[in-house]
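J.: got a structure for you, letters missing:
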């Protein structure tokens, strides 16, 4: 309402509706938000290097941010020295290659 571009007739009507006899009728602060369930941790992308001597189809283990060791299968076309991105889902407790 205090915006210089908000000076039209609608502004005066709205101000009259919100203010009664000079008394501001809106609450001083926003009502508290309803309690919600704690947010689930989001997944994240992990970047790894495939160790030398490893080829596609082999199972590798990777340590994820919470300290767990999780297994995944090296996807086709990947070999030792390749960079690979994995999607870590902390809720499911899984990692999967992003290819």
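T.: Received, thanks. Quick caveat, the model's predicted, so the values are computed rather than measured. Residues are numbered from 1 along each chain as shown.
J.: please name every helix or strand in contact with the helix or strand hosting residue 86.
T.: Using DSSP states H and E, residue 86 sits in strand 83-89. With contacts defined as 3 or more CB pairs under 8 Å, 6 or more residues apart in numbering; DSSP states H and E, the secondary structure elements packing on strand 83-89 are strand 44-49, strand 94-97. Backbone N, C-alpha and C define where each C-beta goes, glycine included.
J.: export the ones you listed as CSV, with columns for distance to residue 81 and mean pLDDT.
T.: Shown next, in CSV, are these (distance: least, CB to CB, whole Å; pLDDT from 0 to 100):
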stretch, distance to residue 81, mean pLDDT
strand 44-49, 7, 94
strand 94-97, 16, 94
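J.: winner for burial among these?
T.: Across these, averaging neighbours per residue (mean count of other CB atoms under 10 Å) puts strand 94-97 on top, at a mean of 16.
J.: helices or strands up against it?
T.: The elements that strand 94-97 packs onto, with contact taken as 3+ CB pairs under 8 Å, 6+ apart, are strand 69-73, strand 83-89.
J.: thanks a lot, see you next time.
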